[in-house]
Every structure is written in structure tokens, then in C-alpha cells.
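Asks: Output the structure for:
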Amino acid sequence: MDMIQLAIGALALSVNHALMPDHWIPLVMISRAEGWTRAESSWIAALIAIPHTVSTILVGVLIGVVGHTLSSTHEFIMGVAAPLVLIAVGLVYVALDFRGHDHHGHEGPVDTDAYSERSRFAIAIPLATALFFSPCIAMVSYFFLASTGGWPGIVMVSVIYLIVTVLGLVLMVNLALSGMERIEWHFLEEHERLITGIVLIALGVLVHLVEG
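Replies: Numbers count the residues shown, from 1 in each chain. Reported below is the predicted structural model:
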């Protein structure tokens, strides 16, 4: 799998991750309740997103190292094992959605009253900490595939995920503050796992077809 294909897959998963409403709607609710400016909302969104992406990358790199070690001695990793990992994780996401589980909601339910008269850092730091200990499993699984591109592939996927996730979350918060939250997001909120699972399965099938 060449670097361009790896980059496209990483971009697709990263955009999907950033668009999910549970990543930015709670922050928009807090921002409105606290009366933050657009600039304040933006830097807090970035502050919250960075620890989440960093923890995901750290776990992903560990998975990538394992995959790279295996791929150096077992050629089937590229065409069989790597896409199967994506498909398997995707099926788990789809199954969880059909079982009716709530979306994974990194931020969780938000009680805006609980944040009244608290400093911005007093609000941002606990959220950022919680996200650090909640890496994105879907993206972590992609690092196994990225490992087939060696360290350049792992680094490239890490950079794409970091930039797209942080900028995407900041963008979505700003768009929501401009009134975009009036759009009906219920389907995405209720079926985040289904959408993520479909993306993972599609990527796994495409990788298998390309490498098979």
C-alpha cells in the first residue's frame, strides 16, 4: 500500500472523527453558557483536542511498532492481517450500534450549570484530561495498517490525524457558534459507531482489494 493510499485512509478516518457531534456540541454548550468569545472557544477546543490526539497517537505508535515488526517477516500482514483488523474493528462498532449502545461521547453528558463561574482553565483541564485517557480506538486500529509503510507511514498518519482532528474540532465549534447547530445532527449523534464502523470496513475491503 503506497503512501498516498495510506494518507487518504488516514484523512477519511480523521475527518469522520472530527465531524462527530459528541466531540464538539458539549463544548459549544459550555461556551454559550459561559459567554466565551469565539477566540476563547477556539483555543479551548484546541487545548481539549490535543491531549486526545496525543494519547491516540501514543497507543497507535505502539500498535504500529508491532505491525512493522511482523510485516518485516510476514508478507501476509499487508494483504490479509492489516485489512482484517480494520474490518474486525469496524464490525464491532457496527454491532455495538445495532445493540443500541449510546455513542461513545468522549465528553459525556454536559450540565452547563455545573460550569458557571469557573475559570476557563478550570473547565478545560478536566475535559482535556478525560480525553487523554480516551484514545480513539478506530484510529488506533489504523496504525496497524500504517505500519506497513514503515516509520514514514506511521509518522504521516500521526501528523494527518493530529492536524485534521485539532483543526476540525476548532472549525466545527466555530461553525456551531455561527448557528450551524440548528442543523439536525441526531442521526450522527445516535449512530456514530455505525458510521465509524462502515468507514473502517470500507477501508479494510479497499486495502484487501488493492493488495490482494
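Asks: Same question for the lengthiest helix in the chain: list its buried residues.
Replies: Ranked by number of residues, the top helix in the chain under DSSP state H is helix 38-71. Residues 41-42, 44-53, 55-57, 59-61, 63-64, 67-68, 70-71 are the ones in helix 38-71 that count as buried (16 or more other CB atoms under 10 Å). C-beta coordinates here come from the backbone N, C-alpha and C atoms, glycine included.
Asks: Geometric centre of this structure: which residue is closest?
Replies: H17 (3.7 Å; CA atoms, centre = their mean).
Asks: per-residue pLDDT, A114?
Replies: You'll see A114 listed with a pLDDT of 47.
Asks: I should have written M78 there, sorry.
Replies: 61.
Asks: what's the answer for the one 10 residues further on, then?
Replies: A88 carries a pLDDT score of 90 in this model.
Asks: Who are the contact partners of V61?
Replies: Taking CB atoms under 8 Å, 6 or more residues apart in numbering as the contact definition, V61 lies against F143, I154, S158.
Asks: which residues does the residue nearest to the centre of the chain contact?
Replies: H23, C136, A138, M139, Y161, V164, T165, G168, T196.
Asks: give me that answer again for 6 Å
Replies: C136, T165 (CB atoms under 6 Å, 6 or more residues apart in numbering).
Asks: How about V140?
Replies: V59, G60, I63.
Asks: buried residues in the strand or helix carrying L127?
Replies: With elements taken from DSSP states H and E, the one containing L127 is helix 120-132. By neighbour count with 16+ other CB under 10 Å, helix 120-132 contains the buried residues R120, I123, A124, L127, A128, L131, F132.
Asks: which among the residues you listed gets closest to I201?
Replies: Each of the buried residues of helix 120-132 was checked against I201 using CB to CB; the closest is L131, at 25.7 Å.
Asks: Please look at that closest one and I50 and confirm they touch.
Replies: No - contact criterion CB atoms under 6 Å: L131 and I50 do not qualify, at 8.9 Å.
Asks: circling back to that earlier point, can you list the helices and strands that the helix holding L127 packs against?
Replies: Packing partners of helix 120-132 (3 or more CB pairs under 6 Å, 6 or more residues apart in numbering; DSSP states H and E): helix 38-71.
Asks: Run the angle between the helix it packs on and helix 120-132 for me.
Replies: Angle of helix 38-71 versus helix 120-132, following axes from the mean of the first three to the mean of the last three CA atoms, to 10 degrees, is 20 degrees.
Asks: change the start of the numbering to 662 and stick with it
Replies: Will do, 662 is the new start, and the previous item becomes helix 699-732.
Asks: what sits against the residue lying closest to C797 once chain neighbours are set aside?
Replies: Among residues not flanking C797 along the chain, T717 sits closest, at 4.7 Å (CB to CB, 6 or more residues apart in numbering). Shown in contact with T717 (CB under 6 Å, 6+ apart): P796, C797, M800.
Asks: Determine the number of other residues adjacent to the second one.
Replies: Using other CB atoms under 10 Å, C797 has 26 neighbouring residues.
Asks: got it, and the last one?
Replies: Applying other CB under 10 Å, we find 25 other residues in the vicinity of M800.
Asks: Spell out the secondary structure type for it.
Replies: Assigned with DSSP: H, G, I helix; E, B strand; the rest coil, M800 falls in the helix class.
Asks: From S808, how far out is it?
Replies: Applying CB to CB, to the nearest Å, the value for M800 to S808 is 14 Å.
Asks: Sounds good, over and out.
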